[in-house]
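Undergrad: structure for the following, please:
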Amino acid sequence: MTERISEPTPEQTARREMAERIWREHGRYFESYAGTYGLEVKPSPPGLGTFAVNLEKGILYIATEWFLERGYSEAEIPAYVLHEMEHMREADALVRTHGGLGVWREHGKRCKASRRFRILDNCVDDIKMNRTVMLRAPVQTETLLDFYRRRFNGGTNDLSGAPRHLQFAYALLRLAMLPDEPVVVAPEVREALDELEALRGRSGRTALDIMTDPQVDMATRLTLQEKNVEPLFERLYERDRRERQPEKPGDSQGGEKSGGEGGGEGDDPFASEYDRFDAQNPDGALSDDALGDAVDEADASGALARPRGGQLADAARDARSAYAREHGVSESELAAYRRFYDQLTALTDPETGRTVVDGLRDVFEQIISERERPRVVPKHPVIHGHRLSRPAQAHIAARTGDRHPSVWETVERKEKKGELYGDVDVVLVCDRSGSMLGQKAIQQRLAAGLMLEALADFSELIHERASGLTDPLVVRTQTWSFGDEAVTNELKPLSDNLTERDRVAVFHALGSTPGSSTMDYEALKRIADGIDAGEQQLLRQKKLKKIIIALTDGVSSDMPALRGQIERLRGMGAVVVGVGITKDGVSAETSYAPNGLVCAEVAALPRTLADLLKKHLADLNVRR
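TA: Numbering: from 1, shown residues only. Reported below is the predicted structural model:
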């Protein structure tokens with residue numbers, strides 16, 4: 001850090017005290033988030049007032065008072081801190097790759113040379129940063145989205161008051177965050193947005209979605225941005241420039257002063273609009289200069305040649321690494337999943353106030369308790385029995401000559417008649433088509449993780465109490481995905497356990513939605529093909545219950561084939577349920593009728609899946 005630290009004013013001191021309280025409440029959360037990247041976070045030194053970076057040691061200094069100064073509430077600040085953390089992480093990852101330092105420096109030169117480029121780049125990169133935070137910390141989603149509803153562009157969706165090139169940049173960001181809320185823009189801007197929307201990859205995903213995918217590295221994002229976004233932006237800019245600053249005889253086309261590529265504010269016809277953007281931008285907390293200086297210092301020290309986290313190889317890290325290797329996953333994958341697991345266990349049912357996991361555990365406990373060995377019911381008093389239950393009365397009877405007093409206790413066993421299901425399979429079929437990108441994919445992954453973890457707990461509980469059960473039960477889970485042919489496959493094999501490799505595989509796969517079609521029928525076909533004659537007999541005899549839940553947000557690519565596979569599975573005795581995600585998935589109601597439903601609010605998807613589990617597990621203990 002090279003920033004000069006001045007003495008704080010009384011106002012700064014008051015904000016600092018509030019910032020310290022925020023750190024006490026949220027510091028461990030920040031540390032946990034950064035730790036998965038091998039980074040550290042610390043409160044910034046008193047008086048600094050901004051974020052600072054030490055890339056050599058991998059430390060981000062957090063100044064929550066920066067946000068307090070600008071009117072952000074305490075509840076909003078964690079989301080913005082994570083957003084800034086992602087900017088640091090992205091830069092750190094880039095400069096440590098081969099050729100990455102050169103890409104970083106060239107990008108920095110462009111940002112300094114052109115304010116308009118910096119704003120466009122910031123808008124596009126913010127889509128990626130926000131999507132990354134929402135993927136890794138879904139609890140912050142509403143806070144981030146609320147910024148674009150209430151603060152961005154003054155809280156209005158009418159962008160038409162800005163120059164066209166800024167309308168375009170702002171629209172990219174706002175529409176990516178709030179796709180269901182149209183924006184008001186000039187006709188030329190709408191045309192440019194439509195042109196960009198038409199640029200799609202082989203998977204069918206838009207160019208913007210591809211470059212802002214959380215898994216895409218910064219260098220790739222910049223390349224795609226330069227190729228696909230900047231030409232449209234520059235076309236609009238040139239029109240704005242000609243209107244704002246008509247050329248005089250002898251002026252060069254697109255010169256730096258007239259174009260805002262250099263010079264002071266007086267030379268830039270859009271300086272006031274650019275200033276307004278900077279004033280509302282939360283990214284100012286971690287300035288480009290601070291990040292650039294940190295890169296230069298880390299490069300000068302030779303730190304960029306060392307992999308991140310190399311200095312953290314202590315005994316605890318060695319143990320984590322050994323555990324990860326033993327289970328066939330990487331340490332970073334395992335750390336990311338554990339953060340995800342924390343989010344699962346925090347999901348709450350708003351109607352009861354309890355966690356969704358606790359509600360499921362109650363159901364599992366009831367199922368197990370009803371399968372335990374016949375209860376021994378005491379019956380007393382009797383003349384002959386197994387145990388003396390009334391010793392005082394026996395003593396009196398002996399003294400009075402009563403040779404057959406009713407002072408004994410016997411027992412009788414309450415036998416449970418009829419057969420129960422011996423096995424239950426729960427199969428989740430997930431949608432990885434391109435239309436799922438964003439909140440749908442985030443909530444689907446939470447729903448899948450919730451189901452797998454809850455049923456894994458159920459299976460473990462059964463194993464622990466197996467010796468006391470008269471009606472054994474085996475719970476198996478399986479996960480499939482569908483999209484196009486490349487992503488229609490099994491993510492977790494059918495089994496009664498959940499390995500770390502299973503967890504990471506499902507978590508990783510459901511983090512992306514590259515499918516260019518909706519081959520749900522193919523996934524169901526492969527599930528049906530895997531049910532052998534023995535399982536089919538168990539299904540007919542009601543000794544096996546197979547519950548298949550398919551999630552989808554659109555119409556199948558082959559509706560007759562889908563209906564055919566649903567009927568085939570139901571003909572075998574399986575329960576097949578379809579859940580449409582938001583209004584886009586309304587076709588699930590008819591495709592999977594009578595077991596089709598729509599989850600209108602995407603955030604309710606994990607709870608909807610939990611409710612389906614409760615419903616379809618309810619008859620496991622109904623004797624036949």
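
Undergrad: hey, which helix or strand in this structure has the poorest pLDDT?
TA: helix 256-259 (a mean of 39; mean pLDDT, DSSP states H and E).

Undergrad: any regions of the stretch 351-500 of the chain where pLDDT drops low?
TA: 372-421 (pLDDT under 70).

Undergrad: and the strands in the chain?
TA: Ranges of strands in the chain, per DSSP state E, are 40-43, 52-54, 59-62, 376-382, 387-388, 408-413, 423-431, 474-482, 489-495, 544-552, 575-581, 596-599.

Undergrad: want to throw these into TSV with distance to residue 156?
TA: Just so you know, the C-beta spots here come from the backbone N, C-alpha and C atoms, and that holds for glycine as well. Below are these laid out as TSV (distance: least, CB to CB, whole Å):
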stretch	distance to residue 156
strand 40-43	34
strand 52-54	34
strand 59-62	31
strand 376-382	71
strand 387-388	81
strand 408-413	73
strand 423-431	33
strand 474-482	39
strand 489-495	42
strand 544-552	34
strand 575-581	29
strand 596-599	30
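
Undergrad: can you put these in JSON lines and add mean neighbour count and distance to residue 518?
TA: Converted to JSON lines, the strands of the chain look like this (neighbours: other CB atoms under 10 Å; distance: least, CB to CB, whole Å):
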{"stretch": "strand 40-43", "mean neighbour count": "18", "distance to residue 518": "41"}
{"stretch": "strand 52-54", "mean neighbour count": "22", "distance to residue 518": "44"}
{"stretch": "strand 59-62", "mean neighbour count": "23", "distance to residue 518": "41"}
{"stretch": "strand 376-382", "mean neighbour count": "13", "distance to residue 518": "56"}
{"stretch": "strand 387-388", "mean neighbour count": "12", "distance to residue 518": "67"}
{"stretch": "strand 408-413", "mean neighbour count": "14", "distance to residue 518": "55"}
{"stretch": "strand 423-431", "mean neighbour count": "24", "distance to residue 518": "7"}
{"stretch": "strand 474-482", "mean neighbour count": "22", "distance to residue 518": "7"}
{"stretch": "strand 489-495", "mean neighbour count": "17", "distance to residue 518": "15"}
{"stretch": "strand 544-552", "mean neighbour count": "24", "distance to residue 518": "7"}
{"stretch": "strand 575-581", "mean neighbour count": "25", "distance to residue 518": "12"}
{"stretch": "strand 596-599", "mean neighbour count": "20", "distance to residue 518": "15"}
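
Undergrad: gap between residue 89 and residue 95?
TA: Using CB to CB, to the nearest Å, residue 89 is found at 11 Å from residue 95.

Undergrad: same check on residue 454?
TA: Residue 454 is 42 Å from residue 95, by CB to CB.

Undergrad: and the residue lying closest to residue 37 once chain neighbours are set aside, how many neighbours?
TA: The spatial neighbour of residue 37 that comes closest, neighbours along the chain excluded (CB to CB, 6 or more residues apart in numbering), is residue 89 at 5.0 Å. Residue 89 has 21 neighbours, counted by other CB atoms under 10 Å.

Undergrad: can you give me the pLDDT of residue 89?
TA: Residue 89 is assigned 88 on the pLDDT scale.

Undergrad: pretty sure residue 244 is touching residue 162, no?
TA: No - distance between residue 244 and residue 162: 12.0 Å, which falls outside the contact criterion (CB atoms under 8 Å).

Undergrad: neighbour count winner among the two?
TA: residue 162 (22 against 14).

Undergrad: for that one, which non-adjacent residue is closest in space?
TA: Closest to residue 162 by CB to CB, 6+ apart is residue 273, at 6.0 Å.

Undergrad: one step back: okay but the residue nearest to residue 37 is in contact with residue 39, surely?
TA: Yes - assessed by CB under 8 Å, residue 89 is found in contact with residue 39 at 6.6 Å.

Undergrad: gap between residue 106 and residue 327?
TA: Residue 106 is 41 Å from residue 327, where distance means CB to CB.

Undergrad: the two: which is more packed in?
TA: Ranked by neighbour count (other CB under 10 Å), residue 106 and residue 327 place residue 327 first, with 15 against 11.

Undergrad: measure the more buried one to residue 494 for me?
TA: Taken as CB to CB, the span from residue 327 to residue 494 is 19 Å.

Undergrad: next: residue 230.
TA: Counting by CB to CB, the gap from residue 230 to residue 494 is 49 Å.

Undergrad: and if you look at residue 239?
TA: 59 Å.

Undergrad: what's the answer for residue 101, then?
TA: Distance from residue 101 to residue 494, by CB to CB: 48 Å.

Undergrad: report how many residues lie close to residue 227.
TA: With other CB under 10 Å as criterion, residue 227 counts 12.

Undergrad: and the pLDDT for it?
TA: For residue 227, pLDDT reads 92.

Undergrad: for residue 598, which non-adjacent residue is spatially closest?
TA: Nearest one to residue 598, counting by CB to CB, 6+ apart, is residue 580 at 4.1 Å.

Undergrad: who does that neighbour bridge with?
TA: residue 552, residue 598 (DSSP bridges).

Undergrad: do you know how far the residue sitting nearest the centre point of the chain is from residue 510?
TA: Centroid check for the chain by CA atoms, centre = their mean gives residue 135 as the closest residue, at 3.4 Å. Separation of residue 135 from residue 510 (CB to CB): 10 Å.

Undergrad: coming back round to it: which among the strands of the chain is found nearest to residue 10?
TA: Smallest distance to residue 10 across the strands of the chain (CB to CB): 19.6 Å, for strand 40-43.

Undergrad: neighbours of residue 25, how many?
TA: Count around residue 25 with other CB under 10 Å applied: 11.

Undergrad: who's in contact with it?
TA: Neighbour list for residue 25: empty [criterion: CB atoms under 8 Å, 6 or more residues apart in numbering].

Undergrad: quick one: pLDDT of it?
TA: The predicted local confidence for residue 25 is 89.

Undergrad: now residue 279
TA: pLDDT, read off for residue 279, is 81.

Undergrad: what's the answer for residue 15, then?
TA: Residue 15 carries a pLDDT score of 72 in this model.

Undergrad: and residue 101, by the same measure?
TA: At residue 101, pLDDT is 90.

Undergrad: you'd agree it is up against residue 93?
TA: No - using CB under 8 Å, residue 101 is not in contact with residue 93; the gap is 11.8 Å.

Undergrad: quickly list what's touching both of residue 135 and residue 510.
TA: Going by CB under 8 Å, 6+ apart, residues that sit against residue 135 and also against residue 510 are residue 441.

Undergrad: what's the neighbour count on residue 109?
TA: Residue 109: 10 neighbours (other CB under 10 Å).

Undergrad: okay, now residue 128: neighbour count?
TA: Neighbours of residue 128 (other CB under 10 Å): 22.

Undergrad: do the same with residue 274
TA: 18.

Undergrad: what's the closest non-adjacent residue to it?
TA: residue 115 (4.7 Å).

Undergrad: check what pLDDT that neighbour gets.
TA: On the pLDDT scale, residue 115 gets 92.

Undergrad: is it correct that it is in contact with residue 272?
TA: No - the pair formed by residue 115 and residue 272 falls short of the contact definition of CB under 8 Å, at 11.4 Å.

Undergrad: show me which of the two is the more surrounded one.
TA: residue 115 (21 against 9).

Undergrad: and the more buried one, how far from residue 268?
TA: Applying CB to CB to residue 115 and residue 268 gives a distance of 7 Å.

Undergrad: and residue 36, by the same measure?
TA: Between residue 36 and residue 268 the computed distance is 41 Å (CB to CB).

Undergrad: of those two, who's got more company?
TA: residue 268 (24 against 18).

Undergrad: is it correct that the more buried one is in contact with residue 114?
TA: No - with contact defined as CB under 8 Å, residue 268 does not count as touching residue 114 (9.9 Å).
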